[in-house]
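>>> next comes the sequence, and after it the predicted model I'd like to discuss.
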Amino acid sequence: MSINLAVLLSGSGSTLQNLIDRIKDGTLDAEIKIVISSKTKAYGLQRAQQHNIPTAVIRPKDYDNFHSFNKSLWDTIRQYPIDLVVLAGYLSLIQVPADFNHRIMNVHPALIPSFCGKGMYGHHVHEAVIQAGVKITGCTVHFVDEHYDHGPIILQEALPVLDNDTPETLAERVQAKERELYPKAIQLFAENRLKVEGNKVRIINKSCD
C-alpha cells in the first residue's frame, strides 16, 4: 500500500532526493505530499519544486515560542492526508501530537544511544566519533519522540571506523548506509510491518500478515 509522506528538512535535501529516486524506481511505495523547511534558502526546497512537490517554510525564529511554532508546523502538515512524517536533516526539535505518535521517523548518523543529543548532527557526529577513538559507528532509523535522537529504534546498522578515517570519509560511508536503511524503514511502515512494543520495534514477517 502506498503511503503519503511529509518531509521536513533544513539543508541540501539529499535525503529527500534519495526518497524521490526510490519512489520513482518503484522500491518505495510512497508519495511525498509536502516538503517543509526550517530555513528559507535550503536547497531541498528547490529539489521539491523541481518535482512539483508543494513546499512551505516554517522557521522557529519567526514565532514567539516553541508552542506557536509547532502549531503552525502541524497545521500545515494536517492540510494533507499524511501517513508518516519523515525528518530529513531537520534541525529543529518538534512536539509529537498524540495522533502522530509512532508516525514520525528520523535517521541519525551514529548508533543510538551513542553520540546523540542537541548539537550532535552531521559532521559534528563524525568528528566526535573519531575523537572518541571508537572502532564502530553506523546509523539508526528510529521513531521520533520529544527528545533529540531518542525514541524506539526501527533499524540500525554498524560500520567500522578505519584508522585513516577523517570526518569526511566516515560521513561518506555512513551516508551511503543511510540511503539504504531509511527507505527500507519507510517501506516497512508502508507494509504495516512495524509493531512498537514498549521501547522496542518488532518487524513483522510478511508471512505473518
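Received, thanks.

>>> give the next helix or strand downstream of the longest helix belonging to the chain.
As assigned by DSSP state H, the longest helix anywhere in the chain is helix 167-190. Scanning the chain past helix 167-190 towards its C-terminal end, the next helix or strand to appear is strand 194-197 (assignment: DSSP states H and E).

>>> same question for the very next helix or strand once past that next one: list its buried residues.
Counting by DSSP H and E, the element after strand 194-197 in chain order, helix or strand, is strand 200-203. Counting neighbours by 16 or more other Cβ atoms under 10 Å, one finds that the buried residues in strand 200-203 are residue 201. Any C-beta I mention is one placed from the backbone N, CA and C, and that applies to glycine too.

>>> list the buried ones in stretch 11-21?
Neighbour-count burial for stretch 11-21, with 16+ other Cβ under 10 Å as criterion, is recorded at 11, 13, 14, 15, 16, 17, 18, 19, 20.

>>> wait, the fifth one touches residue 44, no?
Right, the one you point to is residue 16. Yes: counting by Cβ atoms under 8 Å, residue 16 does reach residue 44; the two are 5.1 Å apart.

>>> what is in contact with the two at once?
Taking Cβ atoms under 8 Å, 6 or more residues apart in numbering as the contact rule, the neighbours common to residue 16 and residue 44 are 7, 9, 35, 88.

>>> what helix or strand is the residue nearest to the last one when sequence neighbours are not counted located in?
It refers to residue 88. With Cβ to Cβ, 6 or more residues apart in numbering as the measure, residue 15 is the residue that lies nearest to residue 88, at 3.7 Å, once sequence neighbours are left out. For residue 15, the host element (DSSP H and E) is helix 14-24.

>>> so what's residue 145 up against?
The neighbourhood of residue 145, defined by Cβ under 8 Å, 6+ apart, consists of 96, 151.

>>> which residues touch the helix holding residue 15?
Looking at what lies outside helix 14-24 - Cβ under 8 Å, 6+ apart - the contacts are 5, 7, 9, 28, 30-32, 35, 44, 47-48, 51, 86, 88-89, 107, 175, 178-179, 182-183, 186.

>>> report the buried residues of stretch 78-92.
For stretch 78-92, burial by neighbour count (16+ other Cβ under 10 Å) applies to 82, 83, 84, 85, 86, 87, 88, 89, 90, 91, 92.

>>> what's the answer for stretch 159-172, then?
159, 161, 165, 167, 170, 171.

>>> residue 148: which of the residues you listed is nearest?
Distance from residue 148 was checked for each of those by Cβ to Cβ. The minimum falls on residue 171, at 19.0 Å.

>>> test my guess that that closest one contacts residue 124.
No: because the distance of 10.6 Å does not satisfy Cβ under 8 Å, residue 171 is recorded as not touching residue 124.
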